[in-house]
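Chemist: no sequence for this one, just the structure:
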């Protein structure tokens with residue numbers, strides 16, 4: 001039996017792959033779990049910025065759920081020899097991406113199965129915002145995550161792909177993001193604020209666009225956010241701007257990036273000044289391990 005239900009059902013074969021959702025490489029997903037297991041002594045937590053599942057169907061969400069939450073039985077695999085991130089023995093935080101919210105194969109939005117399966121990995125979830133506060137050595141980091149996936153199909157602006165690949169900065173979600181951020185700053189004076197969103201808050205082409213992404217950057221700058229973590233584009237990037245640094249993660253297993261998959265270790269050093277850097281690890285040609293490929297910032 002194949003883990004990937006989209007491939008299993010033939011959604012990604014031939015011409016039809018132009019219209020249907022993408023899916024993942026089992027070999028690279030396995031290498032991801034192995035990497036986290038081997039480096040567990042260096043990892044304080046794992047953050048997944050969306051697109052865990054191929055669609056928001058429960059059959060696809062279950063595959064993602066087992067990868068994130070099934071108990072390890074032997075090294076980095078569970079009792080049925082499937083890879084699991086639980087082998088890293090680290091707290092895991094997630095937020096949904098556009099794929100995770102597709103309620104059918106034609107990108108109809110707002111499937112609820114992701115939140116039902118991952119509510120424990122989305123602490124304090126309210127109005128599409130979740131947050132978590134972590135303390136280490138007397139220093140505090142507040143992580144605030146926002147779900148900007150489409151609420152309605154008609155909100156998309158892409159003529160080429162329709163709702164596939166797009167998100168939108170809805171006013172009510174952004175307002176809640178700012179209010180939660182301000183509340184955390186008041187409660188934990190001097191904490192470092194990190195925002196996590198799935199969609200890239202920069203120009204990455206109309207078919208992958210986060211509509212009104214500029215509003216996210218304006219509010220992040222006003223709220224002294226130190227770092228924005230995102231993904232979505234399948235291509236790693238770093239933007240050092242007048243405001244928060246943006247770390248865009250590469251894919252860790254999408255089938256369109258099988259030889260260009262990445263894992264990133266983000267390091268945050270809180271002192272007189274907050275220093276943020278990222279170590280990058282790229283999948284090897286054999287696709288059975290990730291190897292160091294450089295440092296950002």
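Modeler: Great, that's in hand. Note that the structure is predicted; figures quoted are calculated from it, not measured.
Chemist: just the strands in this protein please.
Modeler: 45-48, 91-94, 129-136, 139-146, 167-168, 192-197, 210-211, 227-230, 237-239, 245-248, 262-270, 274-283, 290-296 (DSSP state E).
Chemist: List the pairing partners of the longest one within its sheet, with orientation.
Modeler: Spelled out, that is strand 274-283. Sheet pairing of strand 274-283 (DSSP bridges) gives strand 262-270 (antiparallel), strand 290-296 (antiparallel).
Chemist: Give the buried residues for it.
Modeler: 276, 278, 280, 281, 282, 283 (16 or more other CB atoms under 10 Å). Any C-beta I mention is one placed from the backbone N, CA and C, and that applies to glycine too.
Chemist: what's the angle between that strand and strand 139-146?
Modeler: Here strand 274-283 runs at 60 degrees with respect to strand 139-146, directions being taken by axes from the mean of the first three to the mean of the last three CA atoms, to 10 degrees.
Chemist: residues in contact with the closest residue to residue 69 other than its chain neighbours?
Modeler: Nearest non-adjacent residue to residue 69, counting by CB to CB, 6 or more residues apart in numbering: residue 86, 6.4 Å away. Contacts for residue 86 were tallied using CB atoms under 8 Å, 6 or more residues apart in numbering; they are 68, 69, 70, 71, 72, 78, 92.
Chemist: May I ask which two of those residues are separated the most?
Modeler: 78 and 92 (14.8 Å; CB to CB).
Chemist: Run through the residues that contact the residue nearest the centre of the chain.
Modeler: Geometric centre of the chain, nearest residue: residue 49, 1.0 Å, by CA atoms, centre = their mean. For residue 49, the contact set (CB under 8 Å, 6+ apart) comprises 95, 97, 196, 197, 198, 229, 230, 231, 232, 249.
Chemist: Spit out the contact partners of the third one.
Modeler: What it means is residue 196. So residue 196 contacts 47, 49, 93, 95, 143, 144, 145, 146, 228, 229, 230 (CB under 8 Å, 6+ apart).
Chemist: Can I get these in TSV including distance to residue 159 and pLDDT?
Modeler: Shown next, in TSV, are the contacts of residue 196 (distance: CB to CB, whole Å; pLDDT from 0 to 100):
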residue	distance to residue 159	pLDDT
47	33	98
49	27	97
93	35	98
95	28	97
143	36	98
144	33	98
145	30	98
146	26	98
228	28	98
229	30	98
230	24	98
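Chemist: Helices of the stretch 101-250 of the chain, residue ranges please.
Modeler: 113-118, 171-187, 213-222 (DSSP state H, counting those that start in this stretch).
Chemist: what sits against the residue nearest to residue 260 when sequence neighbours are not counted?
Modeler: Using CB to CB, 6+ apart and skipping residues adjacent in sequence, the residue nearest residue 260 is residue 250, 6.8 Å away. Residue 250 is in contact with 231, 234, 235, 236, 257, 260, 261, 262, 264, 280, 282, counting by CB under 8 Å, 6+ apart.
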